[in-house]
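**Q** Provided below for reference: sequence and predicted model.
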Amino acid sequence: MHLILFFIFAGCALAGAVNLLLQSHPINSALSLIVVMISLAVLYLLLGAEFLAIAQIIVYAGAVMVLFTFVVMLLNAGREERTRGSRAALALGFPAAVAIVAIIATVILRAQGLSTAGVQQGITSTAELSRVLFHGLLLPFEITSVLILIAILGAVALARQGNGDGERKAGK
Amino acid sequence: MTTVPSVYRILPEVILTLTGVIIMLAEASLPPRRSRTVLGWVAAAGTTLALWASLWQFSLPPGTGYFGTVETNSFTIFFHVLICGIVLVALLLSIDTLPKDSHHQGEFYALIVFGAVGMCLLTSAVELLLVFVALEISSISTYVLAGYRKHTGRGPEAAIKYFLLGSFATAFLLYGIALIFGATGTTSIYKIAHLAATAPNHLFVLAALAMMLVGIFFKVSAAPFHVWTPDVYEGAPSPVVALMSTAPKVAAFAFLLRIVYEMFPMLHSTWAPLLWIVAVVSMTVGNLAALRQRDVKRMLAYSSIAHAGYLLAAFAGIGAIGIAAASFYTAAYAAMNVGIFAVVTLVGGYNEELPMIDNYRGLIYRSPLLGSLLIFFLISLTGIPFTSGFFGKFYAFTAAVQGGAVILALIGLLNSGLAAGYYLRFALVAAQRPQPNPDEVVPPKPQIGVAVGAALLLAVASTLIMGIIPNTVLRVAQSASNDLQPPMPQMQISAPVSAAVHMPQSPAPPR
């Protein structure tokens, strides 16, 4: 069962990634990226890292991608023009890509071989993570709210149109 | 350890946070045309309350709270009181000098108060993750405040420069934290102190120390990490410079003391020469550059770099002596620097119509009070007796000599002579009788309001107190230094004859 799901979603991730590169419209590329993100989340889930999976969906597929599509639509980006690509990119890019894949594959195969894929022991569970976050590191976690608040406050103060007389005098 | 509710350990921070939230909400709900000055008073009241809460923490047994992430002892209280005092003076200064009808006043006060939360936490955090978050809070508030005059060209320039370089420095610090976590498997400062000596990969520990030092040197604007200072001070509003040239530096120095004396005492032979070099370079570069400045704020920026160098000289002292001298110097430096920027704010105004040293010609005739205060703070910065600047330097160089760094102390003394050149030149300009010049528009006489008066009084009083009866503050600094590291047989720093007034043993605030 795990194996079947793995192959389905690994295929989805790969197909999405290839589609992302091939599509010429930015919105289509962004949507393919969502497919990649969600497939990766399922793969994390299969490995037993449920927190990572949820975070992947909420943060990447949710927040980051909404931002992406928002920017694409704001900029009103149209269809990209197709170019043949520079010769240097072809000559260097493909060997480099092959080399990177080869290096990563060698490292992983040497470390654990092909047989031991599956749920790992060392993966942090949600329970352990929340114990750290709400027990040991409670204060830094809570203080982060002040950090976010101050960032918002600062952004508002700097971005809002100044209407103080003192500022206008300084401007002129 | 007796059980003290954890929230007592962060009571000043809680009060400051609540004050900030109240100001923020009130700013949004006040009608647009209403004056925001009252919010400034709310901020000042909240800061005073936080200062009182820090003093109240003396009644707690020293210890940690929130699962060993935050600590209270006389070291943290010393710096809490100092930071709250600086923030209070800066707030009082802003109440009278911010443009009255600006719509951003509420945010201004809220940012200062929230920034104070970060600075206070930075001094009491014993967990590196908390240190990082606290440092970011204090940094982000100062980045924004630096760019507050956004309709001038220089304001945004200052903010952007400060933000980019500051983020870079924070990244260094974070990298250092990651490396030390990699070497020891913990981010708790006490555990690191135990584990770092036996860490399997000594190179990681050294790299972590170096990275963290780079991050902190940037924050305290020590040379060669000082390039941002003059531009940022020039572009930021003067009341903000009064704050950011002192409070974040005080907090960063407190953290530096923690790093070198508490986290890496066993690497003394590594960091001591590093600090020696940085101290000498900061003093020399700061003073030589300050000699050539014609803009008041740029000159004071370079002078603050030089003062960071004097302060680092105290780190050459052994253990508690060095810590006490450095703590005393931060207090002395903060008092006089806040004071001189208060005078500069009043003379130059929020929009700085009078930025040059020449504009101060004859100040003492135009406004006798401000003129004499300016000269008083300049004398203190020079380090002439009966001011805090003298005893600050005295203890710092004594600590250096006792620690065996005689050459460092000599270079420091030479530099003090060099510094007297530009401080006294400035004082002389202020005292000169102005030549009657019909073409020149006579600048208006600066108005001193209630709030600014109180701010100036606080700064003058603390500069004088630390100059005439330094023992009071020094005793607190010494008990602070004993709390930072296990007490060991030590020579007491002997105070000179003029300091023989004995104060009651009660723990006294530095200001």
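**A** Sure thing, it's come through.
**Q** SS state for whichever residue of the stretch 151-300 of chain B sits closest to chain A?
**A** Nearest residue of the stretch 151-300 of chain B to chain A: B:H151, at 3.4 Å (Cβ to the nearest Cβ). In this view, the C-beta of every residue, glycine as well, is placed from N, C-alpha and C. Of the three states, B:H151 takes coil under DSSP: H, G, I helix; E, B strand; the rest coil.
**Q** tally of neighbours for it?
**A** Residue neighbour count, defined by other Cβ atoms under 10 Å in any protein chain shown, stands at 16 for B:H151.
**Q** same question, A:F134
**A** A:F134: 11 neighbours (other Cβ under 10 Å).
**Q** contacting residues around it?
**A** Listed by Cβ atoms under 8 Å, 6 or more residues apart in numbering or on different chains, the contact set of A:F134 reads A:F141.
**Q** residue nearest the middle of chain A, spatially speaking?
**A** A:Y60 (4.6 Å; Cα atoms, centre = their mean).
**Q** give me the pLDDT for that one.
**A** At A:Y60, the pLDDT value in this model is 87.
**Q** relative to A:F141, how far out is it?
**A** 21 Å (Cβ to Cβ, to the nearest Å).
**Q** also B:Q447?
**A** The gap separating B:Q447 from A:F141 is 47 Å, by Cβ to Cβ.
**Q** the two: who's more crowded?
**A** A:F141 (17 against 10).
**Q** so that one sits right up against A:V132, yeah?
**A** No: taking contacts as Cβ atoms under 8 Å, A:F141 lies outside contact range of A:V132: 9.1 Å.
**Q** what's around B:P224, how many residues?
**A** The burial count for B:P224: 11, using other Cβ under 10 Å.
**Q** what's around the residue of chain B found nearest chain A, how many residues?
**A** Taking Cβ to the nearest Cβ as the measure, chain B has B:P99 as its residue closest to chain A, at 2.4 Å. B:P99 has 21 neighbours, counted by other Cβ under 10 Å.
**Q** can you list the weak-confidence ranges in the stretch 301-450 of chain B?
**A** Within the stretch 301-450 of chain B, the stretches with pLDDT under 70 are B:436-445.
**Q** contact residues of the stretch 101-250 of chain B facing chain A?
**A** With the criterion set to Cβ under 8 Å from any Cβ of the partner chain, the stretch 101-250 of chain B comes near chain A through B:101-104, B:107-108, B:110-111, B:114-115, B:117-118, B:121, B:127, B:129-130, B:132-134, B:136-137, B:140-141, B:143-144, B:147-152, B:159.
**Q** helices of chain A, start to end?
**A** A:2-22, A:26-46, A:50-55, A:65-75, A:87-112, A:126-131, A:138-159, A:165-171 (DSSP state H).
**Q** nearest to chain B, of those helices?
**A** Nearest to chain B, of all the helices of chain A, is helix A:165-171, at 2.4 Å by Cβ to the nearest Cβ.
**Q** what is the mean pLDDT for the closest one?
**A** Mean predicted confidence for helix A:165-171 is 40.
**Q** B:K191: what's its closest spatial neighbour, skipping adjacent residues?
**A** B:T184 (7.0 Å; Cβ to Cβ, 6 or more residues apart in numbering or on different chains).
**Q** where exactly do the helices run in the stretch 101-250 of chain B?
**A** Per DSSP state H, counting those that start in this stretch, the stretch 101-250 of chain B carries helices over the ranges B:105-124, B:128-146, B:154-184, B:189-195, B:202-219, B:228-235, B:238-244, B:247-257.
**Q** burial count for A:L5?
**A** Based on other Cβ under 10 Å, the number of other residues close to A:L5 is 13.
**Q** coming back round to it: quick one: closest of the helices of the stretch 101-250 of chain B to B:Q432.
**A** Between B:Q432 and the helices of the stretch 101-250 of chain B, the tightest spacing by Cβ to Cβ is seen for helix B:238-244, at 22.9 Å.
**Q** any stretches of chain A with poor pLDDT?
**A** In chain A (pLDDT under 70), the answer is A:77-78, A:80, A:82-85, A:112-124, A:161-172.
**Q** repeat that for 90
**A** Residues of chain A that meet the criterion pLDDT under 90 lie in A:1-3, A:6, A:20-31, A:44-53, A:55-56, A:60-95, A:97, A:104-137, A:155-172.
**Q** the residue of chain B closest to chain A falls within a strand, correct?
**A** No: according to three-state DSSP, the state of B:P99 is coil, so it is not within a strand.
**Q** do I have it right that it meets B:Y350?
**A** Yes: contact criterion Cβ under 8 Å: B:P99 and B:Y350 qualify, at 5.9 Å.
**Q** can you give me the strands in chain B?
**A** Along chain B, the segments classed as strands by DSSP state E run B:63-65, B:70-72.
**Q** most packed of those?
**A** strand B:70-72 (a mean of 24; mean count of other Cβ atoms under 10 Å in any protein chain shown).
**Q** close to chain A, is that strand?
**A** Yes: counting by Cβ under 8 Å from any Cβ, chain A has neighbours in strand B:70-72: B:V70.
**Q** for that strand, give me every contacting residue.
**A** A:139, B:6, B:8-10, B:57, B:60, B:62-65, B:121, B:124-127, B:130.
**Q** B:S238 is in contact with B:E352, correct?
**A** Yes: using Cβ under 8 Å as the test, B:E352 is close enough to B:S238 to be in contact (6.9 Å).
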